[in-house]
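Visitor: Below are the sequence and a predicted model; questions follow.
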Amino acid sequence: MLPQGNHSWLTLAGLLIALGWLIWFSWRYAWWRRTLPYHLPRILMYHMIAPPRRGSRYNGMRVSPHQFERQVRWLRNKGWHFYTVSELVELGTHVKPRSVAITFDDGYADNLMEALPVLQKYQAKATVYVLAGEKIEDWSSQKNKAHDSGELLSEPRMSVSQQRQLLASGLIEIGSHTLTHANLLKLNVNETMKELVESKQRLEVELGVEIRSFAYPFGYFKVGDEARVKEAGYRSAVTTERGVMDPADLAPYQLPRLKVSGKEGMLAFMNRMRTGWRGANK
Ligand SMILES: [Zn+2]
């Protein structure tokens with residue numbers, strides 16, 4: 001009798017372990033979420049293409065060059081069509097199924113050094129939202145007062161000539177992310193219009209192209225800002241709201257995006273493309 005008793009205990013332990021793993025896996029990857037229809041384009045949000053830095057609290061904003069290449073290669077192999085944000089908005093309902101717009105915020109130098117070679121290798125387009133002013137606020141502390149490391153401010157960002165190199169590739173659209181990484185919630189109407197209009201004008205003079213798209217810093221905007229972005233002459237604006245755009249019911253000044261974090265692997269990325277979520281709560 002004794003050996004049999006031991007066996008049933010082992011079986012029970014095994015079942016409990018398997019159940020625990022299943023619950024963990026389901027929470028982590030949320031495989032049960034419904035697939036978003038593939039005629040709805042995905043706009044992906046990236047920041048830096050760089051390896052994680054030890055002890056940094058911004059590693060979610062750093063997707064390693066290796067990981068970024070795996071993601072772009074996967075998109076290319078799975079037949080996704082790459083567009084700039086302005087192309088997506090212009091195409092409207094004529095956009096192909098499985099369309100994706102890769103975007104980068106803040107204009108970090110690694111977008112040129114690390115991301116562009118990958119984009120060229122797979123002929124993938126992208127949109128880069130840059131800051132047009134010389135004097136930039138330390139925006140790491142603006143969203144969360146505890147974040148005062150100045151780390152994001154000290155990350156190298158692209159010069160005008162580097163932005164021109166991006167454009168010369170023929171794969172990149174450049175959009176505005178204001179002059180100073182302004183928190184629009186804290187600005188009055190005049191200050192908001194200055195950030196919107198002057199950043200657009202400066203970039204157009206420096207780069208010699210029309211600046212058609214805008215990205216709200218921190219994803220923040222107040223009542224009326226969408227109309228102001230339009231009044232400033234932009235044709236679209238991206239937020240940090242999670243979601244996919246619906247070309248049949250387009251809100252061009254409130255385009256949602258899917259954030260790609262440096263902390264997630266390929267399975268999470270594939271989930272993100274399919275459902276908009278990488279797991280149960282993210
Ligand atoms: Zn930003």
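Guide: The structure has been received and is ready for your questions.

Visitor: Now do the same contact list for Thr178.
Guide: For Thr178, the contacting residues are Leu131, Ala132, Gly133, Leu184, Glu195, Leu196, Ser199, Pro217, taking Cβ atoms under 8 Å, 6 or more residues apart in numbering as the criterion. Where you see a C-beta, it was placed from the backbone N, CA and C, and this is true even at glycine.

Visitor: Now list the buried members of those residues.
Guide: Among these, those classed as buried by 16 or more other Cβ atoms under 10 Å are Leu131, Ala132, Leu184, Glu195, Leu196, Ser199, Pro217.

Visitor: taking these one by one, which sit in helices?
Guide: Glu195, Leu196, Ser199 (DSSP state H).

Visitor: circling back: nearest to Asp105 among the contacts of Thr178?
Guide: For the contacts of Thr178, the minimum distance to Asp105 (Cβ to Cβ) is 8.1 Å, reached by Pro217.

Visitor: For Leu258, see how far away the closest one is.
Guide: Using Cβ to Cβ, to the nearest Å, Pro217 is found at 19 Å from Leu258.

Visitor: quick one, strands of the stretch 101-250 of the chain?
Guide: In order along the chain, the stretch 101-250 of the chain carries the following strands (DSSP state E, counting those that start in this stretch): 126-130, 172-176, 213-215, 236-242.

Visitor: other SSEs contacting the shortest one?
Guide: Helices and strands touching strand 213-215, as assessed by 3 or more Cβ pairs under 8 Å, 6 or more residues apart in numbering; DSSP states H and E, comprise helix 85-91, strand 126-130, strand 172-176, strand 236-242.

Visitor: which of the contacts of Thr178 come close to the ion?
Guide: Restricting the contacts of Thr178 to those adjacent to the ion (criterion: Cβ under 5 Å from the ion) gives Pro217.

Visitor: Skipping adjacent residues, who's closest to Leu185 in space?
Guide: Here the nearest residue to Leu185 in space, its sequence neighbours aside, is Tyr220; by Cβ to Cβ, 6 or more residues apart in numbering that works out to 4.9 Å.

Visitor: oh sorry, the question was meant for Trp32
Guide: Spatially, and ignoring its direct neighbours in sequence, Trp32 is nearest to Ser26 (6.9 Å; Cβ to Cβ, 6+ apart).

Visitor: Please tell me how far that neighbour sits from Gly20.
Guide: When distances are taken as Cβ to Cβ, Ser26 and Gly20 turn out to be 11 Å apart.

Visitor: Between those two, point out the one with more neighbours.
Guide: Comparing Ser26 with Gly20 by other Cβ atoms under 10 Å, the one with more neighbours is Ser26, at 13 against 10.

Visitor: Identify each buried residue in the host helix or strand of the more buried one, please.
Guide: In this assignment (DSSP states H and E), Ser26 forms part of helix 2-29. Buried residues in helix 2-29, defined by neighbour count with 16+ other Cβ under 10 Å: Arg28, Tyr29.

Visitor: where along the stretch 101-250 of the chain do the helices fall?
Guide: Applying DSSP state H, counting those that start in this stretch to the stretch 101-250 of the chain gives helices spanning 110, 116-121, 140-143, 151-154, 160-168, 189-207, 225-231.
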